[in-house]
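1. Just a sequence and a predicted model for now, questions to come.
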Amino acid sequence: MATTPEKTPRFSPADITVVFCLGGPGSGKGTQSANLVRDYGFTHLSAGDLLRAEQVREGSQYGDLIKTYIREGKIVPMEITVALLSNAMAEALTSKAPSAVKPRFLIDGFPRKLDQAVFFEDTVCPSQMTLFLDCPEEVMEARLLKRGETSGRDDDNADSIRKRFRVFVETSMPVVQAFEKQDKVVSVTATGSVDEVYARIREGFQAKGVNPL
Ligand code: UP5
Ligand code: MG
């Protein structure tokens with residue numbers, strides 16, 4: 001009898017916990033991830049940071065492609081991003097000292113498209129939960145333009161920011177909505193001070209049974 005081969009993810013949720021952190025450009029994903037690393041012991045993997053590092057890595061065949069995609073606010077082909085994330089997870093697991101606590105990964109800015117969510121969960125690891133930072137565009141725009149004065153990021157300019165917003169609304173929000181249907185989202189209003197936002201995140205995590213270490 002013919003059988004369909006089962007896809008086995010590289011990591012099992014029995015061994016690691018994966019939490020996605022999603023939100024528009026400038027909603028505070030990186031900022032709040034630093035808080036979560038400190039208090040919850042997450043290993044933080046920013047898909048954007050991994051892509052920017054790959055862009056400048058000597059010998060990378062993807063440097064030019066990544067540069068163009070990021071400046072245009074377009075989503076880099078997922079095979080590149082998923083390979084970077086999966087390898088960074090494997091590396092973190094081998095370099096970590098053994099611990100009684102299950103390793104926790106906070107994946108920031110990914111998945112940005114529904115097919116990426118499916119592909120990651122099928123081949124890398126199913127997620128436990130998604131943190132969604134909900135922020136109005138005018139607040140995000142002001143933050144990004146201010147950061148752009150010093151960040152040196154190719155996409156922190158008014159034109160790229162506009163394109164990033166459009167891609168987020170049209171392509172990335174459906175990912176949040178799909179996880180919401182599975183009741184796997186902690187949605188937090190991301191306006192106000194960094195501490196105010198973080199207090200809301202802690203509350204939302206507690207409600208889902210995810211506690212500080
Ligand atoms: N700030 C933060 N919180 C604040 C608060 N409460 N009050 C006042 N200021 C606050 O924050 C942005 C700025 O706001 C900072 O200056 C911060 O101090 C301040 P930050 O924490 O950096 O926000 P973040 O949501 O991380 O913003 P970022 O610009 O990183 O979001 P993007 O989603 O746009 O960027 P990312 O690096 O994830 O992706 C960039 C590009 O890479 C994408 O557009 C895409 O082209 C590509 N990409 C892919 O193709 N695939 C991927 O999977 C991921 C990325
Ligand atoms: Mg970021």
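-> That came through, no problem. The structure displayed is predicted, hence computed values, not measured ones. Ligands and ions are numbered 1, 2, ... in the order given.

2. Let me know the pLDDT of the spatially most central residue of the chain.
-> By Cα atoms, centre = their mean, the mean C-alpha position of the chain lies nearest to Asp108, the distance being 2.1 Å. Each residue has a pLDDT score; the one for Asp108 is 98.

3. give me phi/psi at it?
-> Note on Asp108: its backbone torsions stand at phi -100, psi 120 [degrees, to the nearest 10].

4. Does ligand 1 have contacts with stretch 71-90?
-> Yes. Stretch 71-90 reaches ligand 1 (Cβ under 6 Å from any ligand atom) through 73-76, 81. Using the backbone N, CA and C atoms, a C-beta is placed for each residue, glycine as well.

5. for stretch 190-202, same thing?
-> Yes. Judged by Cβ under 6 Å from any ligand atom, stretch 190-202 and ligand 1 are in contact via 193-194, 197.

6. Which of the residues you listed fall in helices?
-> 194, 197 (DSSP state H).

7. Name the member of the residues of stretch 190-202 next to ligand 1 with the most neighbours.
-> Counting neighbours by other Cβ atoms under 10 Å, Val197 leads the residues of stretch 190-202 next to ligand 1 with 20 neighbours.

8. first to last residue in stretch 168-182, what's the distance?
-> One end of stretch 168-182 to the other measures 20 Å (Cα to Cα, to the nearest Å).

9. any idea how far the residue of the chain found nearest ligand 1 lies from Lys102?
-> At 1.9 Å from ligand 1, Gly48 is the closest residue in the chain, using Cβ to the nearest ligand atom. Using Cβ to Cβ, to the nearest Å, one gets 26 Å for the distance from Gly48 to Lys102.
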